[in-house]
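> Give me coordinates for this.
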Amino acid sequence: MDLVSAGPAPVKDAYLHCPRCLLRLGWADASQGCAECTRSARVVGDIPVLVSDPSEMVRDWGAQRALFSRETRATRDVVLAQLAGQALPATTRTRLQRLYDRLGRHLGEVEALYEAAGVPAVDEPVSRGERVPGEGIATAYFDQIHRDWGWDTDEPGAALEIVLEVLGDRRPQRMLVLGAGACRLPYELHRAAGLETTVAIDINPVPFFVARRVIAGQSVALTEFPRCPRDSHAVAVDRTLRSSNPGADGFHLLFADGLEPPVPDASFDLVLTPWFIDQVPKDLATLLPTIHRVLRAGGAWLNHGPLLYQPTHTQPAHRYREDEVHELTQAAGFSLARHRWDRLLYMQSPAGSQGRTEGIATFLAEKKDRPGRGAVEAEAPGWLEDATLAVPRWPELDGYQPPHPMFAAVASLIDGSRSSQMIADEMVRRFSLPADAALGGVTTCLAEMWRARRSQ
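As a prediction, this is how the structure comes out:
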């Protein structure tokens, strides 16, 4: 296996790494996995899987497939019983018959997607370790799939127009997409901006199974079941999903965790987060160091989406509004270049009688030097580099005004004896900060606090 060396000289396609041991990988080697960590090797539906335990993830997808099959069959049984056991008006009977027939077709369509990808049904409970409540089911993102590739509406075009306007005259070559979903916006941006390479990552299988096919120029038959159908016929709509511009070079799909992207430091010019930052991270502040890490010097973060938080997923302090997001972004080592707010249609199915509009925050944030570089870096203390050294409580902390709650929590834990690792562990225990992101977030906070002392 021709692994790309992890040496200092950049290799053109060395923009992935093993999620377990961080050894650099070229794209061509991603499907073979890491020579040191053989568990990292897995391909599903021609899409590499780069997570710490791909077999466990694929097994859970199989459990989702089996659950979908059971629930669809159960729904068909209910519809059949109503057809057989009730005196119904002719139009109502026709609607139920159509629903019964299309549920059977739908079952076959979705089963075929899993089968073609080599994901067998697994008769065991679905894991409830899902990042977003409700996403651990096969049909969680079917509305988005149909919106991206099936509906004849202007939703995707409107999003692309706004994103291109905010991107401005930047001409990035490599883009990383966190939470790419069914991929319409990332793919069209890749084409329109003339990107050399895009790595679109997600952990939900069905949207990628569909996206891979339509981007390659194939069509996918998939039945839509509008939540509020306009009439009895629209209870189930036969859709053929396709792309009008297939075949763009350099657009790659990768099953990976958007909160822990398996890419080396400073490997991308642009990070895109479409409809992501308010849904997946429990606290956006913990994601910002990761975005900063993967960007090259002078790179930029491009966000597009609403700020709609799920109360069961996000604490009140972390339901940041637009001005708070801007403040967090600048505190994390970015400068806000452009931003706009638009009210756009969202999930307005042509066959449905209900939809909504959303206020969309789109902004471009440019990466600045990491806190502590330049003049500040020369005087940066050792405890900023070594997570095992005690962090002193310097005098200026008593008058420090934290920009958001995470900074305040970190400041309260600096007692002169705790190291940054100990503070991170305490943040996990007290505030349920994700363990895999705690140290990076704490280090960023400490660096910003240390730098802020110079202005006090």
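
> Going by C-alpha atoms from here, please, whenever you check contacts or count neighbours.
OK.

> By mean pLDDT, which helix or strand of the protein comes out lowest?
Here the helix or strand of the chain ranked lowest by mean pLDDT, DSSP states H and E is helix 374-378, holding a mean of 37.

> Per-residue confidence at residue 142, what does it come out as?
As summarised for this prediction, residue 142 has a pLDDT of 95.

> How about residue 133?
Residue 133 is assigned 74 on the pLDDT scale.

> tell me which element residue 293 falls in.
Secondary-structure assignment from DSSP states H and E places residue 293 in helix 284-294.

> Packing partners of that helix?
For helix 284-294, the packing partners by 3 or more Cα pairs under 8 Å, 6 or more residues apart in numbering; DSSP states H and E come out as helix 435-452.

> What residues of the helix it packs on count as buried?
437-451 (16 or more other Cα atoms under 10 Å).

> Next: stretch 354-365.
Neighbour-count burial for stretch 354-365 [16+ other Cα under 10 Å]: 360-365.

> got those residues as a markdown table, with pLDDT, secondary structure and distance to residue 271 columns?
A markdown table is the format used below for the buried residues of stretch 354-365 (pLDDT from 0 to 100; DSSP: H, G, I helix; E, B strand; the rest coil; distance: Cα to Cα, whole Å):
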| residue | pLDDT | secondary structure | distance to residue 271 |
| --- | --- | --- | --- |
| 360 | 97 | strand | 18 |
| 361 | 97 | strand | 16 |
| 362 | 98 | strand | 13 |
| 363 | 98 | strand | 12 |
| 364 | 98 | strand | 10 |
| 365 | 98 | strand | 10 |
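
> Can you dump the C-alpha atoms of the host helix or strand of residue 272 in CSV for me?
Assigned by DSSP H and E, residue 272 belongs to strand 268-274. Presented in CSV, the C-alpha positions along strand 268-274 are these (Å, rounded to 0.1, in the frame of the first residue of the first chain):
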residue,chain,number,x,y,z
PHE,A,268,-7.8,22.8,3.1
ASP,A,269,-8.3,26.3,1.8
LEU,A,270,-12.1,26.3,2.6
VAL,A,271,-14.3,24.6,5.1
LEU,A,272,-18.1,24.6,4.3
THR,A,273,-20.7,24.0,7.0
PRO,A,274,-24.1,23.8,5.3
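
> That one packs against which elements?
strand 174-178, strand 295-305.

> And it, how far out from the chain middle?
Relative to its chain's centre, strand 268-274 lies at 11 Å (Cα atoms, centre = their mean, to the nearest Å).

> what's next to that strand, contact-wise?
Strand 268-274 is contacted from outside by 15, 172-180, 185-186, 291, 294-296, 298-305, using Cα atoms under 8 Å, 6 or more residues apart in numbering.

> I only care about the residues you listed that end up buried; give me the PyMOL line for that.
Entered in PyMOL, the line below selects the buried ones among those, by 16+ other Cα under 10 Å:
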select buried, resi 15+172+174+175+176+177+178+179+180+185+186+291+294+295+296+299+300+301+302+303+304+305
